[in-house]
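Engineer: Dropping the sequence and predicted coords here.
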Amino acid sequence: MSVSEGTQQGLPCVFLTHSSGASALVFVYAAHLASWKTSDGVEQLFVSSGAEYGGGKAIRGGVPVCWPQFADRGKYGKHGFARNSDKWRVVRTSTEPYPCVVLGLTDDEATRDAFPFPFELRYSVTLDGPESVSTSLTVINTGDEPLEFTTALHTYFRVPDVSNIQLLGLQGVTFEDSTKGGEKSVQEEEALAIVGEVDRVYLDSPSEAFILDKTGDKAIRILKMGFADAVVWNIGSERAGGLKDLGAGEWKNYVCYEAATIGKAAKLAPKGSWTAGQSFSKVPLSSLPKPSCSK
Ligand SMILES: O=P(O)(O)OC[C@H]1O[C@@H](O)[C@H](O)[C@@H](O)[C@@H]1O
């Protein structure tokens, strides 16, 4: 097990290496998990070939930390400032029992201009198995007034071709369809296929979901803990050209499944704290919940 600090794309970063050979790369900038390779050396996260690094830009791919606001649902800027802040710092690292880094962000004059509340954020990334990684976000209200926020861990999962994937675990869940002005529907399908632009906020969604690639022999199991909601997003071919930092044709190579708290903002009393996390693991198709989901 090892944890080391270095530089990638001109930015300070932390490398986590598991004894199995699994690895992860976390930029200190934006506390951005940008690579997670399982022990077979296969990259599980998508990062755009056109991604921009640093300079106040959000990195297109990996796991942006959206805080204190999801999307443009509020007055604090799209997806908040945590995802493109250069003020994050390494709080601690450890190697036992697993490689882990904890990053921190504290309010300052610039954040208080954008969001007038004192706070402390802690974000940890732990490489806790040959085929698993876990992240956790803690928000502490260090001020004397109540603090409210919405948030998402905006994971871009790498997929060979998004038209071959199915998302399991959202059947019967009410979603707001952002492609239809937030119109509410209930998902009827057991398995969601990604056809065209998909941009949905699932409210009070179950903690477990799976991304199944019909051509693969394993699925990704996503477990969210403490996040009430989930977002599913792929830009689709028609609008992909509008994302300047997305490489040509690369809309096919990702699906975002985001653990989120959006429908009801989290509310922190003075000095209160809030923690939520997510865990990803590769699992055999035989462990999927429904027979129709097996290969
Ligand atoms: O281009 P951005 O700011 O990174 O946002 C990407 C997408 O993020 C998703 O979380 C939203 O649901 C989408 O509506 C949005 O387009």
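Structural biologist: Looks like it came in fine. This one's a predicted model, so the numbers in the text were calculated from it and none came from an experiment.
Engineer: Can you show me the helices along this protein?
Structural biologist: 109-114, 236-240 (DSSP state H).
Engineer: can you list the weak-confidence ranges in the chain?
Structural biologist: For the chain, residues meeting the criterion pLDDT under 70 lie at 290-295.
Engineer: give me the number of residues near the closest residue to Gly236 other than its chain neighbours?
Structural biologist: In this structure, Gly236 finds its nearest non-sequential neighbour in Glu197, 3.5 Å apart by CB to CB, 6 or more residues apart in numbering. C-beta coordinates here come from the backbone N, C-alpha and C atoms, glycine included. Neighbourhood size, Glu197 [other CB atoms under 10 Å]: 16.
Engineer: Which residues of the stretch 151-295 of the chain lie near the ligand?
Structural biologist: Residues of the stretch 151-295 of the chain found near the ligand (CB under 6 Å from any ligand atom) are His154, Ser178, Asp199, Val231, Trp233, Glu258.
Engineer: just the buried members of those?
Structural biologist: Buried members of these, counted by 16 or more other CB atoms under 10 Å: His154, Ser178, Asp199, Val231, Trp233, Glu258.
Engineer: Surely the fifth one and Tyr202 touch.
Structural biologist: Translated: Trp233. No - using CB atoms under 8 Å as the test, Trp233 is too far from Tyr202 to be in contact (11.2 Å).
Engineer: Looking at strand pairing, list the partners for the closest residue to the ligand within the chain.
Structural biologist: The chain approaches the ligand most closely through Trp233 (4.3 Å), counting by CB to the nearest ligand atom. For Trp233, the beta-bridge partners under DSSP bridges are Asp199, Cys256.
Engineer: now the residues of the stretch 151-295 of the chain next to the ligand as TSV including distance to Phe280?
Structural biologist: What follows is those, written out as TSV (distance: CB to CB, whole Å):
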residue	distance to Phe280
His154	14
Ser178	24
Asp199	21
Val231	16
Trp233	17
Glu258	12
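Engineer: Looking at those residues, which is nearest Leu243?
Structural biologist: Among these, Trp233 lies closest to Leu243 (CB to CB), at 11.4 Å.
Engineer: Please tell me I have it right and the residue nearest to Gly236 contacts Thr179.
Structural biologist: Yes - at 5.4 Å, Glu197 counts as touching Thr179 under the criterion of CB under 8 Å.
Engineer: Run through who's touching stretch 80-91.
Structural biologist: Stretch 80-91 is contacted from outside by 5, 14, 28-32, 54, 56-58, 64-70, 101-106, 108, 110-111, 114-115, 121-123, 149, 151, 154, using CB atoms under 8 Å, 6 or more residues apart in numbering.
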